[in-house]
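1. what's the 3D shape of this:
(chains A and B)
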Amino acid sequence: MDAPASEKRLEQLREKAWQEGVVPGRGVDVIGGPIPRKPGYYGEPVVKPPVWTWEVPLYFFFGGIAGMSAVIALGAILFHHIDVARAAMWLAAIAGAIISPILLIMDLGRPHLFLNMLRVFKHRSAMSMGAWILTAFGACAVPGLIALELHAHQIFPGTLDQLLSFAAGIFIFGAAIFGTLLATYTGVLIGATAIPAWFLHRTLLPIHFGTAGLGSAAAVLELFGHRISALNFLGFYAAGIETALLIWLSVDKHGAADRAIHEHSSGWLIRIGEILNGPLALILRFFGLVPFAAVSFLIGALVSRFGWIAVGKVSGSDPESVFAAERY
Amino acid sequence: MIGEGLQSTNQRKHSYVKDHVEVGFFTDPTVCIGCKACEVACKEWNEVPDDGFTWSGNSYDNTGHLGASTWRHVMFLEQDRAKGNQVAGPMSLDQDPFRWVFLSDVCKHCEEAGCLEACPTGSIVRTETSTVFVQDDVCNGCGYCVVSCPFGVIDRRPSPLPDAGGAFKCTFCYDRQKSGLVPACAKVCPTESIVFGRLDDLRAQGAKRVQQLQEAGYSDAQLYDPTETSVGGIHAFFLILGEPEAYGLPPEPQVPTIYLKSAWTAAFATAIASIIATLVAFAFSS
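-> Residues are numbered from 1 along each chain as shown, chains lettered A, B, ... in the order given. Just a heads-up that it's a prediction; the model follows:
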């Protein structure tokens, strides 16, 4: 909010209005007066912008990595890349069962009540579904990792080891299924809201978040030294989809309704993020500069997550975007 | 109604909660005098904390907008005649350049409430009288209701205010209603600009008032009650002069759950595509 204006300041404004006919600035525009009018009710927001801070976009980033790591682990274990599977499951468990819950709890207004998230199951609330998906993912990824490690180190003999190998397979399969949902539901979460720039792109968001998660997971594994052609293929796939999304976003414009994506600093965050994890990552990978492509993709994925939250704040504070989206 | 004295629905005791009657607010700006008694009564009864004083300079409105610590908000609109399209009145067109409209804004208590659908803890519930109520002891402050309200009503209360971190909005004085009392804002409204009562009675009263005003020359008088959109109507509805945009009201509010189907479809498609891409990647590299 603005600082309280003093009587003297108001006198100055009146004086200026009298002389120049117009006075820019908040709180001085009387409709029908000599001062330009603002949209809606004195330019006040029509919907409320999100109250979320840095924890939420960071959670989108780590949740995406965790979920899609489990998918990579599933692919790796099916085709006997045990080392990649182990690394991917470590990544899934650390990012999905430790970092993600901590970030989510930190973001709550009342962190000590976080368990209330599991009080009800509401399929019509993406936040409720997300809490359950994250719980189910953790419940699969952690035992899956433990079983896989015990099996890989041949700790137990004979039948018990076979049982562990079977259990690892089941848990990793579960983690992969819930993992794909963990990486994509965040797009539904912000897509199904009253914020115009978000709900107008509700089909793009889950595709972007999921694909960015897959590419980021592959990129992290590559940076940890797992330079195999499968991960390189996934790098190409994710960067290719992200390039397509960049084109989609620049074609599918809705004027004032989603201008937060194309203007302001929020627009720049989206643009930088999409270029880093789209065309730039694609070109770097094409020339064989795999580590640079991986870093470019990761930074892009992170920046664009912050960008989308920033877009929500700008779009939610802009009354004209709400009117434009509804009268569209 | 005004003129009924203690027999008005704003004054007499009721048993709507016990009888499970749908209740509502009908807010009529044409009789509002902008005294802000509703704002004060709401703050006092509900012990809503002081959220700071800022001088907005926007007419006589220093409240700004509804929020976690503002559950009633009297708007002060200064409309020019072109916008207002008003022909009747004691002064001629060139003598009276604008009209001053006061409207007491409040949570709409939607038929299909975005906040209630979004709440992952089950903290937000529908009461016996069909109003929308936040159970403060359950709310963990996730903030999802804030972006799910198509009217921008509910908000998370920031520190260091009392009970910070939770989401707050108008309770429709659920505590008073349970005791057969009228909500504090309607009880104190000196002109009965805010009318509390059975929703069906109020809708009939609202329609009658619009007709009356139009016959008197206020050709742009209309009810603001989005029954045609996915919100499905609101329990606290308004009479407005002119367009809803001027009041900061969304012209066609939608409950965000209508976006779920397309968003989840995209999510599932991405999930399947990611699994296939991964399997293909490993199948051809080994």
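2. In chain A, what residue comes closest to chain B?
-> Per C-beta to the nearest C-beta, A:G109 is where chain A lies closest to chain B, at 2.0 Å. For glycine as for every other residue, the C-beta is placed from the backbone atoms N, C-alpha and C.
3. do you know how far A:A293 is from A:L91?
-> Between A:A293 and A:L91 the distance is 18 Å, computed by C-beta to C-beta, to the nearest Å.
4. Over to A:S315?
-> 33 Å.
5. who has more neighbours, these two?
-> For the pair A:S315 and A:L91, the greater number of neighbours falls to A:S315 (28 against 25), based on other C-beta atoms under 10 Å in any protein chain shown.
6. That one touches A:A197, doesn't it?
-> Yes: A:S315 lies in contact with A:A197 (C-beta atoms under 8 Å); the separation is 3.6 Å.
7. Common neighbours of the two, please.
-> Both A:S315 and A:A197 are contacted by A:258-261, A:321, under the criterion C-beta atoms under 8 Å, 6 or more residues apart in numbering or on different chains.
8. Can you tell me which of the residues you listed comes closest to B:I276?
-> Among the shared contacts of A:S315 and A:A197, A:I261 lies closest to B:I276 (C-beta to C-beta), at 29.2 Å.
9. and the next element down the chain from the strand or helix carrying the closest one?
-> A:I261 is part of helix A:259-262 when elements are defined by DSSP states H and E. For helix A:259-262, the following helix or strand on the C-terminal side (DSSP H and E) is helix A:264-275.
10. other SSEs contacting the very next helix or strand once past that following helix?
-> Of the helices and strands lying after helix A:264-275 in sequence (DSSP H and E), the nearest is helix A:281-286. For helix A:281-286, the elements it packs on are helix A:229-251, helix A:290-316, judged by 3 or more C-beta pairs under 8 Å, 6 or more residues apart in numbering or on different chains; DSSP states H and E.
11. tell me the mean pLDDT over the longest one?
-> Think helix A:290-316. Confidence over helix A:290-316, taken as the mean pLDDT, stands at 96.
12. Also stretch A:69-85?
-> Confidence for stretch A:69-85, expressed as mean pLDDT, is 94.
13. List the neighbours of that stretch that are in contact with it.
-> Residues outside stretch A:69-85 that contact it (C-beta under 8 Å, 6+ apart): A:88-89, A:91-92, A:95-96, A:137, A:140-141, A:144, A:148, A:152, A:168-169, A:172-173, A:175-176, A:178-180, A:214, A:217-218, A:220-221, A:226, A:228, A:230-231, A:234, B:274-275, B:278-279, B:281-283, B:285-286.
14. Straight-line length of it, end to end?
-> For stretch A:69-85, the first and last residues are 9 Å from each other (C-alpha to C-alpha, to the nearest Å).
15. burial count for the residue of chain A closest to chain B?
-> Counted with other C-beta under 10 Å, A:G109 comes out at 21.
16. for the closest residue to it other than its chain neighbours, what are its contacts?
-> Take A:G109 and drop its neighbours on the chain: the residue closest to it by C-beta to C-beta, 6 or more residues apart in numbering or on different chains is B:G141, 2.0 Å away. Applying C-beta under 8 Å, 6+ apart, we find B:G141 in contact with A:108-110, A:113, B:156, B:165-167.
17. mind redoing it with 10 Å?
-> When contacts are counted by C-beta atoms under 10 Å, 6 or more residues apart in numbering or on different chains, B:G141 is found next to A:51, A:107-111, A:113-114, A:116, B:121, B:123, B:156-157, B:164-167.
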